[in-house]
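**Q** sequence and predicted structure below; questions after.
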Amino acid sequence: MKMADELLRIEDLTANVGGVQILDHLHLEIGAGQTHVLMGPNGAGKSTLGNVIMGNPAYEQTGGKILFDGEDLTGLSTDKRARAGIFMSFQNPTEVAGISLESFIRNAIRQRTGKNVKRLSFARQLKEQMELLGMDESYAERDLNVGFSGGEKKKAEILQLLMLQPKFAILDETDSGLDVDAVRTVSNGIEQFHKNSSGALLIITHNAEILRSLQVDRTHILVRGKIVKDGGPELVEEIQEKGFERYLEEQA
Amino acid sequence: MTDQGIQSYLEEMEGNIYDFRDEEKDSYRVDEGLTEEIVCRISEEKHDPDWMREFRLKSLEIFRKIPVPAWGPSIDGLDIDNIVTYVRPGTDMKASWEDVPEEIRTTFDKLGIPKAEHEYLAGVGAQYDSELVYHNVKDFVAKQGVVYTDMESALTGEYADMVHEHFMKLVPPTDHKFAALHGAVWSGGSFVYVPKGVKVDIPLQSYFRLNAKGAGQFEHTLIIVDEGADLHFIEGCSAPKWNVANLHAGCVELFVRKGARLRYSTIENWSKNMYNLNTKRALVEEGARMEWVSGSFGSHVSYLYPTTILRGAHSDCEYTGITFAGKGQNLDTGCRMVHLGESSSSLVTTKSLSKDGGINTFRSAVEVRNSAKNARSSVDCSSLMLDSISRSDTIPEMDIRTKDCDIGHEAKIGRISDETVFYLMSRGIPEEEARAMIVAGFADPVSKELPLEYAAEMNNLIRLEMEGSIG
């Protein structure tokens, strides 16, 4: 593991959803520019972790701390966390009528930087990134996610990642429901993000395919709201072959 | 509209800028209430032809016989005995803004009308209380043979027969109580005639301003778009807020001849003490097209259901509307489509927003008669409630008398989803702005149809309305 400045530090985090405890004294550290993979059986709390880091009000942080860039995120609203440089790619992003994908991204960049976006360079950059993701240009003008296929929604999420260039991105099962070619395209997009802005990543996945073009620094196994195992990239292979059974038994 | 105009419109929603009152310097007003004597006085004041005086008296009789509607929002706060039906401003009609008395001119300046006229309108009529104070049509439009005058001149001018033939034929005084009232005391409004094949490239606009306290405005708009012709007409309305009820019972009659097209856009922003009981109706002939674009933001109580009679084969109507009901507002709006012609089609898209306890009711009526084989109709209404104390109802009605038709209705009522707000916020957009974006996005299909200046106005308005709505 290469040495990196600490970017995200989660200490003793507990969180509830609808009064039920999902995260159970969880610890996690991610260095600047690092790529981490989070794996775990269904219902382990992977998405909950993403939502709690992002500050989703539907999830209640009941204990512990999340430090980002040395600052405690507790009590900070979602938009402020985003402006601090955190991003989350949604499993199933909602459709928003009347706002085009392009104007949405432009608005988000403006919020993030506090400056007006230069029209020409923005348009050029958007076009480039859409080409990289194999998205038809017409999607820029379409209402955000409205009538997009599952694959196009995922690509639109990665497009936002590429345009917003956060310091840290949580990718919540961005590969789920995609065919092999689409997974590759999305994986290339993630690689591009990593190269361009050397942002850190927390990739929640069941599938090694999305990691193919990425260099994974650390892998974590989440079971029943706790990280039960940390390892290197080899851990992904192990899970792919043997599943989570071993870790489930250890917990039980 | 000018920046200043936009500003003024917006802040009215906050309950102030449109809310400037001029000192009432009217030269003449009738007594409150409604009697034969008052109707005769109005008729005399206006130098009506004989038939019109008789028409008024007949309408008054009908008014007395018809009961107030037993459905819809309460209009108990409206007492016709307290309404002044006719207020003549202290000027006659001018064709130059410079000749309009200063206080009245300043009012329209504040509303951005002269500037809008200069920039993008082909002609303007401006009504102040009961009479038009300004009317002008640009030369190039007049040269095309387009007639755009005040109703009074039309009654006695070159087109007097045409007016006589069409006046209150689509909306007869027997239609309902306030149509009868209109027939008795109507004053002001516009007459437009677009000759065969003439296409008016830029819009005409009428603006109605009711300044007098406790008064009623009863303007009559009659538009005839002859065969193959094309017109866009914009109507705007506003008033300052008084602590007594004001009444608007205008009447709009639109004739769209064979192969013609008429777009009728309205931005209604009456003050919150106004009873807006307005009647609008269009008759659409073969292959002709009627387009309604309607934005209703003001008034205390509204009853407003523009009706389109699709008489000709392959006639077509598109209705796009938005209603925004805030505190103390009960807005009952919608539209009615009557299909008579074969292969006639109608498309209705409406949006309603309610906030701070505002009540929205959407009523649609689609009637397809036996003669309307292969008719198509699609109604889509969605409502967004911005808090838990506001209310939204949808009352669709369908009366279909032929099997050979294709009818669709879709209604959605909802609130802003927390998930969507979270999604937008996760990209760095503050909550208030995220909510405003969702609302503006909701209204987008309607704002797209509005003239550009009004669309910008509406979006800003929504933004302002949403400010401070968090927590």
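**A** Good, I have the coordinates.
**Q** next up, the contacts around residue B:313.
**A** Contacts for residue B:313 (C-beta atoms under 8 Å, 6 or more residues apart in numbering or on different chains) come out as B:286, B:287, B:341, B:342, B:343, B:344. No exception for glycine: its C-beta is placed from N, CA and C like everyone else's.
**Q** the fifth one: what's it in contact with?
**A** Residue B:343 makes contacts with B:313, B:314, B:373, B:374, B:375, B:376, as judged by C-beta under 8 Å, 6+ apart.
**Q** show the pLDDT at residue 111.
**A** Going with chain A. With respect to pLDDT, residue A:111 scores 89.
**Q** the intended chain is chain B.
**A** So residue B:111 comes in at 76 (pLDDT).
**Q** so it makes contact with residue B:211?
**A** No - judged on C-beta atoms under 8 Å, residue B:111 makes no contact with residue B:211 at a distance of 11.6 Å.
**Q** would you mind checking the average pLDDT for the helix or strand containing residue B:453?
**A** Counting by DSSP states H and E, the element that carries residue B:453 is helix B:452-466. Averaged over helix B:452-466, pLDDT sits at 69.
**Q** and stretch A:173-189, by the same measure?
**A** Here the average pLDDT along stretch A:173-189 is 90.
**Q** now residue B:341, what's its secondary structure?
**A** Secondary structure state of residue B:341, per DSSP: H, G, I helix; E, B strand; the rest coil, is coil.
**Q** ditto for the one 5 residues further on
**A** Taken by three-state DSSP, the conformation at residue B:346 corresponds to strand.
**Q** would you map the helices across the chain?
**A** Assuming you mean chain A. Applying DSSP state H to chain A gives helices spanning A:46-54, A:78-84, A:101-113, A:119-132, A:150-164, A:180-197, A:234-242, A:245-251.
**Q** oops, wrong one, chain B.
**A** For chain B, the helices defined by DSSP H cover B:3-13, B:36-45, B:50-65, B:102-110, B:113-120, B:139-143, B:151-156, B:160-166, B:177-185, B:418-425, B:431-447, B:452-466.
**Q** out of those helices, which gets nearest to residue A:205?
**A** Evaluated over the helices of chain B, closeness to residue A:205 peaks at helix B:418-425, with 20.7 Å, by C-beta to C-beta.
**Q** what number of residues lie near the residue of chain A found nearest chain B?
**A** Using C-beta to the nearest C-beta, the closest approach of chain A to chain B is made by residue A:98 at 2.7 Å. Using other C-beta atoms under 10 Å in any protein chain shown, residue A:98 is surrounded by 20 other residues.
**Q** that one and residue B:446, how far apart?
**A** The span separating residue A:98 from residue B:446 equals 10 Å under the rule C-beta to C-beta, to the nearest Å.
**Q** once you drop chain neighbours, what's closest to residue B:124?
**A** The shortest distance from residue B:124 to any non-neighbouring residue, by C-beta to C-beta, 6 or more residues apart in numbering or on different chains, is to residue B:117 (4.3 Å).
**Q** from the contacts of residue B:343, which land in strands?
**A** Counted as lying in strands by DSSP state E, out of these, are B:375, B:376.
**Q** how many neighbours does residue 246 have?
**A** Using chain A here. 14.
**Q** hmm, no, I was thinking of chain B.
**A** 27.
**Q** that one pairs with what?
**A** residue B:274 (DSSP bridges).
**Q** could you verify my assumption that it touches residue B:271?
**A** Yes - at 7.3 Å, residue B:246 and residue B:271 qualify as touching, with contact defined as C-beta under 8 Å.
**Q** what is in contact with those two at once?
**A** residue B:239.
**Q** now render the helices of chain B as CSV, adding mean neighbour count.
**A** Formatted as CSV, the helices of chain B follow (neighbours: other C-beta atoms under 10 Å in any protein chain shown):
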stretch, mean neighbour count
helix B:3-13, 19
helix B:36-45, 16
helix B:50-65, 16
helix B:102-110, 18
helix B:113-120, 18
helix B:139-143, 12
helix B:151-156, 19
helix B:160-166, 15
helix B:177-185, 25
helix B:418-425, 20
helix B:431-447, 21
helix B:452-466, 20
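**Q** which stretch among those helices comes nearest residue A:119?
**A** Here helix B:452-466 is closest among the helices of chain B (C-beta to C-beta), at 18.6 Å.
**Q** can you tell me the closest non-neighbouring residue to the residue in the stretch 151-300 of chain B positioned nearest to chain A?
**A** Distances between the stretch 151-300 of chain B and chain A by C-beta to the nearest C-beta are smallest at residue B:295, namely 15.7 Å. Distances taken as C-beta to C-beta, 6+ apart put residue B:267 closest to residue B:295, at 4.8 Å, once the chain neighbours are dropped.
**Q** is that neighbour in a bridge, and if so with what?
**A** residue B:236, residue B:295.
**Q** around it, how many other residues sit close by?
**A** Neighbours of residue B:267 under the rule other C-beta under 10 Å: 24.
**Q** if I pick it, what's in contact with it?
**A** B:9, B:234, B:235, B:236, B:237, B:295, B:297, B:450, B:454, B:457.
**Q** show me which residues of the stretch 1-150 of chain A sit near chain B.
**A** For the stretch 1-150 of chain A, the contact set with chain B under C-beta under 8 Å from any C-beta of the partner chain comprises A:54, A:56-58, A:77-79, A:82-83, A:87-88, A:90, A:93-94, A:96-99, A:104, A:107-108, A:111-112, A:143.
**Q** please pick the buried ones from those.
**A** A:54, A:56, A:78-79, A:82-83, A:87-88, A:90, A:93-94, A:96-99, A:104, A:107-108, A:111-112, A:143 (16 or more other C-beta atoms under 10 Å in any protein chain shown).
**Q** tell me the contacts of residue B:177?
**A** B:63, B:66, B:67, B:68, B:69 are the contacts of residue B:177 under C-beta under 8 Å, 6+ apart.
**Q** pull the number of nearby residues for the last one.
**A** So that's residue B:69. Neighbours of residue B:69 under the rule other C-beta under 10 Å: 14.
**Q** just give me the residue right at the centre of the chain.
**A** No chain was given, so I picked chain A. residue A:170 (1.8 Å; C-alpha atoms, centre = their mean).
**Q** switch to chain B, please.
**A** Centre of chain B computed as the mean C-alpha position; nearest residue by C-alpha atoms, centre = their mean is residue B:266, 4.8 Å away.
**Q** thought residue B:295 was touching that one, still the case?
**A** Yes - Residue B:266 is within contact range of residue B:295, at 6.7 Å (criterion: C-beta under 8 Å).
**Q** run through the chain and note the low-pLDDT ranges.
**A** Defaulting to chain A. Counting by pLDDT under 70, chain A contains low-confidence ranges at A:1-4, A:250-252.
**Q** my question was about chain B, not that one.
**A** Looking at chain B by pLDDT under 70, you get B:1-19, B:26, B:457, B:460-471.
**Q** check the gap between the residue of it found nearest chain A and residue B:209 for me.
**A** Distances between chain B and chain A by C-beta to the nearest C-beta are smallest at residue B:441, namely 2.7 Å. As judged by C-beta to C-beta, residue B:441 and residue B:209 stand 32 Å apart.
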